[in-house]
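>>> sequence first, then the predicted structure, then my questions.
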Amino acid sequence: MTVKRPDVLVVGAGVIGCSIAYALVKRGASVTVLERETPGGVTSRAAAGMLVPTAEGLPAGPLLDLALQSLAMFPSLAAAVLEEGGVDVEYSRSGVLLPAYTDEVAEELRARANSGQDGSQWLSRAEALEREPLLAPSLHGALFQPNEGHVHPVKLTDGLTQAAARRGAAFHFGVEVDGLVRQGDRVVGVRTGGIERHAGAVVVATGSWSGALARWAGVAVDVQPVRGQMVSLRVVPQPIRSVVFGRPGYLVPRRDGTLLLGASQEWVGFENRATAGNLAMLLEAGKRLVPVLEQATFLATWSGLRPGSPDEAPILGPVRGLEGLALATGHFRNGILLSPVTGELMAEYLLHGKAKPLAPFSIERFGERKPTKG
Ligand SMILES: Cc1cc2nc3c(=O)[nH]c(=O)nc-3n(C[C@H](O)[C@H](O)[C@H](O)COP(=O)(O)OP(=O)(O)OC[C@H]3O[C@@H](n4cnc5c(N)ncnc54)[C@H](O)[C@@H]3O)c2cc1C
């Protein structure tokens, strides 16, 4: 059997790999995606789906610019994924509210609103309670950012998968990449078991597992797994309208009436499991923000491994000395938010050589990389 060599082979079918695949097939490229597990992406399916650069406190600079560019893409992406993939990704511009329960936090958030930089507004206590009446009433006020919101991360990844597949992308699940096929400095494909799969270019979008490139080609990828644990609850009626981003803990209202409560941030290697201690911590944080959660029905808890880079920004683009290979990893806490822009910029780079927008996110910002000889 002869398998046609695709233009691009993407390793990893999380939200990042799927977004890249969709952006590539939209431009007419032939694409194969290899994923060692099931559809959905190990970390992507664990996320809360917040689209909240303001709440995340991203500092002014290339990462914030990238995040805002990506945020602006969601309305059209949601419409395209519904039309082409048949999946409603539940994009909502619900706004995000950051309540202040101490003078210190109130002062900090008020200053942010007054700086006028990001369009967020300071709400007095009465205004905040008018917006979200079930917040714990001892708050001093809140920062409100109306332009941000949330999306359903599982539906987003599924929708991108369907939309890309309907345009011809080939997805193979249960297929683990265990090496690269090289001709000197050039990467011409990947190895899966004993099989060589050739492609015009290879993209490593393997999230927390991107460190495997050190085994495959001697290139250290500065990504560490950072565990996050989540909880889902049900309260009738849904107690909040916006994302509520506290310290600690955040709440995300889902369209089906469930409420997500997140998330821990732990450096425990690849130990991907939810623990009793964190469940208790999250429930306590949620109850402090919205007291009626005391009476909520507990639905589920789960965990995921955020791909964390040293500066918490993604690693995008080429690896010097490995022509034909590109990286799209390290999206840490904002991979769902950054997925549309990552797909578009990576596709422009892979098909048209447009590397400039990716330059601030190059792996070389952490030092020169010297791949082993191929
Ligand atoms: C609890 C939690 C809450 C979060 N909340 C948010 C949020 O609200 N907003 C936001 O923007 N982000 C959020 N994130 C972060 C976001 O989920 C990640 O940044 C994003 O999912 C990373 O996507 P990815 O495609 O790189 O990784 P993944 O989804 O992990 O996909 C990588 C895939 O590569 C596959 N793979 C690995 N190695 C191989 C191999 N050798 N061969 C084949 N396949 C391989 C893996 O099986 C995996 O499915 C959250 C994360 C967590 C854990």
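Yep, that arrived.

>>> the residue in the stretch 201-350 of the chain that the ligand sits nearest to in helix, strand or coil?
Using Cβ to the nearest ligand atom, residue 335 is the residue of the stretch 201-350 of the chain that sits closest to the ligand, at 2.1 Å. Where you see a C-beta, it was placed from the backbone N, CA and C, and this is true even at glycine. Three-state assignment for residue 335 (DSSP: H, G, I helix; E, B strand; the rest coil): helix.

>>> got a pLDDT number for it?
pLDDT for residue 335: 98.

>>> how many residues are close by it?
When neighbours are defined as other Cβ atoms under 10 Å, residue 335 has 25 of them.

>>> next one: residue 326
23.

>>> that one belongs to a strand?
Yes - assigned with three-state DSSP, residue 326 falls within a strand.

>>> not counting its neighbours along the chain, what's nearest it?
Distances taken as Cβ to Cβ, 6 or more residues apart in numbering put residue 203 closest to residue 326, at 4.9 Å, once the chain neighbours are dropped.

>>> cool, residue 39 as well?
residue 161 (5.7 Å).

>>> likewise residue 365?
Nearest to residue 365 is residue 311, by Cβ to Cβ, 6+ apart, at 7.5 Å.

>>> okay, that neighbour: pLDDT?
So residue 311 comes in at 96 (pLDDT).

>>> show me where the stretch 1-150 of the chain has its strands.
8-11, 31-35, 50-51, 96-100, 121-124, 141-145, 149-150 (DSSP state E, counting those that start in this stretch).

>>> apologies, that question was intended for the stretch 251-374 of the chain.
So, for the stretch 251-374 of the chain - with DSSP E, counting those that start in this stretch - the strands run 258-262, 297-308, 315-318, 325-329.

>>> can the longest one be found next to the ligand?
Right, strand 297-308. Yes - on the criterion Cβ under 6 Å from any ligand atom, strand 297-308 is in touch with the ligand at 304, 306, 307.

>>> buried among those? Make that a PyMOL selection.
Buried members of those, defined by 16 or more other Cβ atoms under 10 Å, are picked up in PyMOL with:
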select buried, resi 304+306+307
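
>>> mind putting the residues of strand 297-308 next to the ligand in CSV, distance to residue 180 and pLDDT included?
Shown next, in CSV, are the residues of strand 297-308 next to the ligand (distance: Cβ to Cβ, whole Å; pLDDT from 0 to 100):
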residue, distance to residue 180, pLDDT
304, 27, 98
306, 25, 98
307, 20, 98
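
>>> direction included, what does the helix or strand harbouring the residue nearest to residue 326 pair up with?
Assigned by DSSP states H and E, residue 203 falls within strand 201-204. Strand 201-204 pairs in its sheet with strand 8-11 (parallel), strand 325-329 (parallel), by DSSP bridges.

>>> in CSV: those strands, plus distance to residue 226.
Formatted as CSV, the strands paired with strand 201-204 follow (distance: least, Cβ to Cβ, whole Å):
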stretch, distance to residue 226
strand 8-11, 21
strand 325-329, 13
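
>>> so which of those gets nearest residue 64?
strand 325-329 (19.0 Å; Cβ to Cβ).

>>> tell me the angle of the closest one relative to strand 297-308?
140 degrees (axes from the mean of the first three to the mean of the last three Cα atoms, to 10 degrees).

>>> would you mind writing the CA trace of strand 325-329 as CSV?
Extracted in CSV, the C-alpha atoms of strand 325-329 (Å, rounded to 0.1, in the frame of the first residue of the first chain):
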residue,chain,number,x,y,z
LEU,A,325,10.5,20.6,12.0
ALA,A,326,8.4,23.1,13.9
LEU,A,327,7.2,23.4,17.5
ALA,A,328,3.9,24.5,18.9
THR,A,329,3.9,23.8,22.6
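
>>> contacting residues for residue 290?
For residue 290, the contacting residues are 134, 135, 136, 239, 240, 244, 251, by Cβ atoms under 8 Å, 6 or more residues apart in numbering.

>>> I'd like those residues written out as a markdown table, with pLDDT and neighbour count added.
Listed next are the contacts of residue 290 as a markdown table, based on pLDDT from 0 to 100; neighbours: other Cβ atoms under 10 Å:
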| residue | pLDDT | neighbour count |
| --- | --- | --- |
| 134 | 98 | 18 |
| 135 | 98 | 23 |
| 136 | 97 | 15 |
| 239 | 96 | 22 |
| 240 | 98 | 22 |
| 244 | 98 | 28 |
| 251 | 98 | 26 |
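
>>> now stretch 19-38, how far from the chain's geometric center?
Here stretch 19-38 is found 17 Å from its chain centre; the criterion is Cα atoms, centre = their mean, to the nearest Å.

>>> again, but for stretch 185-199
27 Å.

>>> in that stretch, what counts as buried?
Here stretch 185-199 shows 187, 188, 189, 190, 192, 197, 199 as buried, counting by 16+ other Cβ under 10 Å.

>>> just stretch 316-328 next, same as before
316, 317, 318, 319, 321, 322, 323, 324, 325, 326, 327, 328.

>>> what is the most widely separated pair among those residues?
Once Cβ to Cβ is applied, those give 321 and 328 as the farthest pair, at 18.2 Å.

>>> for the residue nearest to residue 325 when sequence neighbours are not counted, pull up the helix or strand it's in.
Spatial nearest neighbour of residue 325, chain neighbours left out: residue 187 (4.1 Å); criterion: Cβ to Cβ, 6+ apart. Assigned by DSSP H and E, residue 187 belongs to strand 186-192.

>>> just want the angle from that strand to strand 325-329.
Using the same axes, to 10 degrees: strand 186-192 against strand 325-329 is 60 degrees.

>>> which strands border the very next helix or strand once past strand 186-192, and is each parallel or antiparallel?
Note on strand 186-192: by DSSP H and E, the next helix or strand toward the C-terminus is strand 195-198. Using DSSP bridges, the strands paired with strand 195-198 are strand 186-192 (antiparallel).
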